[in-house]
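Novice: Turn this into a structure:
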Amino acid sequence: MSGTIEVVGFMDLTRIFRDRGWASPHLVELDGAISGADLLRLLEVSDAEVESLMVNHRAIGVAAATIHPGDRVALVPPGVPGPHRFCLGIYQRRD
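Specialist: Purely as a prediction, here's the structure:
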């Protein structure tokens with residue numbers, strides 16, 4: 001099943017979106033489900049720049065994520081302060 005996903009970047013990652021002239025959210029067309037790592041490759045965003053993904057408002061490690069058409073995805077960079085990490089549900093860098 002193909003469709004569109006919405007992608008936003010938090011904190012320092014908003015710079016990438018601005019520099020590339022992408023709207024926020026940036027719409028990405030998918031032919032089907034892809035992994036979190038494949039999404040980063042598709043977006044040409046370095047794995048080192050993303051600590052976690054928020055997929056449909058749930059924190060998940062890049063390696064554990066599967067993105068489906070219709071999903072809403074946020075890229076979360078390293079360096080989110082402790083209390084915010086807890087509120088977002090980010091407990092470790094990789095799941």
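Novice: Give me the most central residue, this protein.
Specialist: Among the residues of the chain, the one closest to the centroid is L75, at 3.0 Å (Cα atoms, centre = their mean).
Novice: which residues touch the residue nearest to E49 when sequence neighbours are not counted?
Specialist: Leaving out its chain neighbours, the residue that sits closest to E49 by Cβ to Cβ, 6 or more residues apart in numbering is P77, at 5.9 Å. Yep, even glycine has a C-beta here, placed from its N, CA and C like the rest. Going by Cβ atoms under 8 Å, 6 or more residues apart in numbering, P77 touches 9-13, 49-51.
Novice: List buried residues within those.
Specialist: Buried positions within those, assessed by neighbour count (16 or more other Cβ atoms under 10 Å), are 9-10, 13, 50-51.
Novice: Using a markdown table, lay out these together with distance to D38, pLDDT and secondary structure.
Specialist: Listed next are the buried ones among the contacts of P77 as a markdown table, based on distance: Cβ to Cβ, whole Å; pLDDT from 0 to 100; DSSP: H, G, I helix; E, B strand; the rest coil:
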| residue | distance to D38 | pLDDT | secondary structure |
| --- | --- | --- | --- |
| G9 | 17 | 93 | strand |
| F10 | 20 | 88 | coil |
| L13 | 18 | 91 | helix |
| V50 | 13 | 93 | coil |
| E51 | 18 | 89 | coil |
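Novice: quick revisit: and the residue nearest to the centre of the chain, which helix or strand is it part of?
Specialist: Secondary structure assigned from DSSP states H and E places L75 in strand 72-76.
Novice: who touches that strand?
Specialist: Contacts of strand 72-76 with the rest of the structure, by Cβ under 8 Å, 6+ apart, involve 5-11, 13, 25, 39-40, 43, 45, 49-57, 59, 67, 88, 90.
Novice: Each with direction, which strands does that strand pair with?
Specialist: Next to strand 72-76 in the sheet, as set by DSSP bridges, lie strand 3-9 (parallel), strand 52-55 (antiparallel).
Novice: C-terminal to the shortest one, what's the next element?
Specialist: I take that to be strand 52-55. Heading C-terminal from strand 52-55, the first helix or strand you meet, by DSSP H and E, is strand 58-60.
Novice: pLDDT below threshold where in the chain?
Specialist: With pLDDT under 70 as the threshold, the chain has low-confidence stretches at 80-95.
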